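Engineer: Return a 3D structure for these sequence lines:
(chains A and B)
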Number of protein chains: 2
Amino acid sequence: MATIKDVAKLAGVSASTASRALHDSSMISEATKERVRQAMAELDYSPNYSARNLVNRQTNTVGIVLPVRESQDSLGNNPFFMQIIQGISSICSENNYMVSLASGRSNEELKKNIETLIRSGNIRKIIFLYSKKGDPVFQYVKKQQNVTCVVVGEAYEKSGSNIRYVDNNNIQAGQDAGDFLIAKGYREIVFASTDMAELVQAQRYQGYCQSLSALGLKEENLTLSRVDAQGNIRRLQKFLAAYPNVQAFVACDDIMAIRLQRLFKETDRSAAGYAIIGFNNSWVAEIASPALTSVNIFPYELGEKAANLLLKPLKKETEPVIIPHQIVERESTPIRAE
Amino acid sequence: MATIKDVAKLAGVSASTASRALHDSSMISEATKERVRQAMAELDYSPNYSARNLVNRQTNTVGIVLPVRESQDSLGNNPFFMQIIQGISSICSENNYMVSLASGRSNEELKKNIETLIRSGNIRKIIFLYSKKGDPVFQYVKKQQNVTCVVVGEAYEKSGSNIRYVDNNNIQAGQDAGDFLIAKGYREIVFASTDMAELVQAQRYQGYCQSLSALGLKEENLTLSRVDAQGNIRRLQKFLAAYPNVQAFVACDDIMAIRLQRLFKETDRSAAGYAIIGFNNSWVAEIASPALTSVNIFPYELGEKAANLLLKPLKKETEPVIIPHQIVERESTPIRAE
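Structural biologist: Below is the predicted model of the structure:
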């Protein structure tokens, strides 16, 4: 999309002269106006656009793109997003930037809303709160001129001058979780997941496998449903019948960990009978019973870092920025009684 | 703040003529320009402002004001906010409105950020996601010309042409929770809270008291700490020693309900030994053990309604709009065994 500066350059005038010509100012000669009009035509320049950018020069806004929501609850159920947004907001307000949200119920709606954002303001800085392979929404944004993006999540494409990535190292986090349980004396450790097609789960699983295979231990995966509570009872019973020596679980996230604690009770097992470690260190970890050991992935800091990358001048940094994680130890992972 | 329309009116010209005069268009006579300039001076009209509003005519934005965050986790810990924001976003994108966020770590910072929002865009529509008595931030926004507000929460001030309220009826919700437990056969019912200075808790307590006193039952309040887990064990034990016949709890929210379930176990009581009902119907209600009966307050619908009130033409509605609540029954409130 051409700017007033492009028009001015092509017409061989200053930007302010081009702007005045555009507004048909009496200060500008008809000959100059004609040159500017021709440049506008050549560049397919939209006057509305330019006027907006001109007057909005100080209106800096960062756009935040939320993942497509499949249901009303989908995002509300994940405290992660609100914390990232707060981290972004904090850095933006320190730097006098505003924050706008783009959300949608489908890729099409989301794209339309981002289009509105870019068109209507001078939004040239965008943070994606998700990363999806070949995401059409991201592909659209990438093509926009002068737009800089930070993606919170997996770096599917190369970082460049206008794309940056911020993420946790979920493989390392999975490995650390496995190592932690091993150090506590556990050897028969199972990874509990809902959907290995989800990259974060797959990466944590990969790390867990690395941890176990380093000691020649055998990995196992228990897949449970997010919705079918009754079916999960059956799945757990079948699994524990096949693997009666299980001692501990690496749960793909805190929700899964608490689901497991509940299933143990429902199948007349003590929740304290198995060690469990979760991920995200969400508020439920503290009030779980037993209180849940969990890997903190620092979503607030993810948001802060994303905003900082976007607002600070570009450095030649092209590797994804990794926010370190940290295991928060609670009661669910005692030293194993022999 | 004067608009281009005010200038046009005072100068006795049309808004488009005033705008052209402002941009020094050659289509406008010098005499008219002078009249417009005088009107601008008289009204202390800021051309930048006007230019922005003019070109941004289609750039409609709704500002969302988040409560001051005391810690990094404070909002992330409440899935409520993300769901309200999603409800607002959904209505806004249907109506081609953008959504901007204002947040801050202090009243001053929040006010500054809202000021930026109002100044820099044409944000004249604002939703407060909280209600606080005498809130200086709200007082500031109220004074802005042409700003319409919807407050999600208690109507501390009169609704008027530019202020609307959307809320749940928390007193009724508290009463319904009490009635529900009574209908299940419980008589010795305690209200568990963290801080009665918080209006929502106080209102739910009031409703609970109404429910019990209607049957001549005695109300009791157990106050637990949000942070002091060890102290809570002592508090619960002391309370249950003083009131050994307690049968059921109305918890001020789901977090409190799960905290109670955990405390029962830590004090060697069965969580199933007491009926519990919570509020908010958050995702933890489903995976609590036993699964928690909870009052759904429909945050997504609160957000939708707030946005609809703000975007639709003003009606003469002055009463706060109430979003109905609904009890979602799960395992934590069985019919009382005699």
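
Engineer: okay, CA-based contacts and neighbour counts for the rest of this
Structural biologist: OK.

Engineer: got a list of what A:Asn308 touches?
Structural biologist: Each residue near A:Asn308 by CA atoms under 8 Å, 6 or more residues apart in numbering or on different chains is listed here: A:Ile91.

Engineer: Can you name the helix or strand that it falls in?
Structural biologist: A:Asn308 belongs to helix A:299-311 when assigned by DSSP states H and E.

Engineer: Give me the mean pLDDT for that helix.
Structural biologist: Helix A:299-311 shows a mean pLDDT of 95.

Engineer: One more: stretch A:184-202?
Structural biologist: Here the average pLDDT along stretch A:184-202 is 94.

Engineer: Just say helix, strand or coil for the residue of the stretch 1-150 of chain A found nearest chain B.
Structural biologist: Using CA to the nearest CA, A:Ser100 is the residue of the stretch 1-150 of chain A that sits closest to chain B, at 4.1 Å. What DSSP: H, G, I helix; E, B strand; the rest coil gives for A:Ser100 is strand.

Engineer: any idea what sits nearest A:Ser159, other than its immediate chain neighbours?
Structural biologist: Leaving aside its chain neighbours, A:Ser159 sits nearest to A:Thr318 (5.1 Å; criterion: CA to CA, 6 or more residues apart in numbering or on different chains).

Engineer: residue contacts, that neighbour?
Structural biologist: Here A:Thr318 is in contact with A:158-161, A:164 (CA under 8 Å, 6+ apart).

Engineer: What helix or strand is it located in?
Structural biologist: A:Thr318 belongs to no helix or strand when elements are defined using DSSP H and E.

Engineer: Next one: it from A:Asn169, what distance?
Structural biologist: Relative to A:Asn169, A:Thr318 is positioned 16 Å away (CA to CA, to the nearest Å).

Engineer: before we move on, what about A:Ala248?
Structural biologist: Taken as CA to CA, the span from A:Ala248 to A:Asn169 is 23 Å.

Engineer: Quick check on those two: which one has the bigger neighbour count.
Structural biologist: A:Ala248 (24 against 21; other CA atoms under 10 Å in any protein chain shown).

Engineer: Does the more buried one touch A:Val190 like I think?
Structural biologist: Yes - using CA atoms under 8 Å, A:Ala248 is in contact with A:Val190, at 6.3 Å.

Engineer: residues shared between the contacts of those two?
Structural biologist: Counting by CA under 8 Å, 6+ apart, nothing touches both A:Ala248 and A:Val190.

Engineer: domain assignment for chain A?
Structural biologist: Annotated domains of chain A cover A:4-55, A:61-168+A:300-324, A:170-296 [automatic domain parsing].

Engineer: tell me the average confidence for the first one?
Structural biologist: Taken as a whole, domain A:4-55 has an average pLDDT of 73.

Engineer: Show me how far that domain is from its chain's centre.
Structural biologist: Distance, stretch centre to chain centre, for domain A:4-55: 40 Å (CA atoms, centre = their mean, to the nearest Å).

Engineer: now the last one
Structural biologist: Domain A:170-296 sits 23 Å away from the centroid of its parent chain (CA atoms, centre = their mean).

Engineer: before we move on, back to that, identify the spatial nearest neighbour of the residue of the stretch 1-150 of chain A closest to chain B, chain neighbours not counted.
Structural biologist: The shortest distance from A:Ser100 to any non-neighbouring residue, by CA to CA, 6+ apart, is to B:Ser100 (4.1 Å).

Engineer: what's the neighbour count on the one you found?
Structural biologist: Per other CA under 10 Å, the neighbour tally for B:Ser100 reads 24.

Engineer: With the one 10 residues further on instead?
Structural biologist: Burial measure for B:Leu110: 21 neighbouring residues, criterion other CA under 10 Å.

Engineer: now do A:Leu22
Structural biologist: Residue neighbour count, defined by other CA under 10 Å, stands at 22 for A:Leu22.

Engineer: looking at chain A, which helix or strand is least sure?
Structural biologist: None of the helices or strands of chain A scores lower by mean pLDDT, DSSP states H and E than helix A:47-55, at a mean of 41.

Engineer: Summarise which helices and strands whichever helix or strand comes after it is packed against.
Structural biologist: Heading C-terminal from helix A:47-55, the first helix or strand you meet, by DSSP H and E, is strand A:61-65. The contact analysis (3 or more CA pairs under 8 Å, 6 or more residues apart in numbering or on different chains; DSSP states H and E) places strand A:61-65 against strand A:98-102, strand A:125-128.

Engineer: Would the next helix-or-strand element following the shortest one count as contacting chain B?
Structural biologist: What that stands for is strand A:125-128. Once the chain leaves strand A:125-128, the next helix or strand it forms, by DSSP H and E, is helix A:136-143. No - Helix A:136-143 does not reach chain B (CA under 8 Å from any CA of the partner chain); its nearest approach is 16.0 Å.

Engineer: which stretches of the stretch 151-300 of chain A form strands?
Structural biologist: Ranges of strands within the stretch 151-300 of chain A are A:163-167, A:189-193, A:220-223, A:248-251, A:275-279, A:293-296, based on DSSP state E, counting those that start in this stretch.

Engineer: for these, which one ends up most surrounded?
Structural biologist: Comparing the strands of the stretch 151-300 of chain A by mean neighbour count (mean count of other CA atoms under 10 Å in any protein chain shown), strand A:275-279 ranks first with a mean of 29.

Engineer: give me the low-pLDDT residue ranges for the stretch 51-200 of chain A?
Structural biologist: Applying pLDDT under 70 to the stretch 51-200 of chain A picks out residues A:51-59, A:72-77, A:121-122.

Engineer: what about 90?
Structural biologist: Along the stretch 51-200 of chain A, segments meeting pLDDT under 90 span A:51-61, A:68-83, A:93-98, A:104-105, A:112-113, A:115-124, A:132-134, A:142-147, A:156-162, A:197-198.

Engineer: surely A:Leu22 meets A:Glu34?
Structural biologist: No - A:Leu22 is not in contact with A:Glu34 according to CA under 8 Å; the separation is 10.0 Å.
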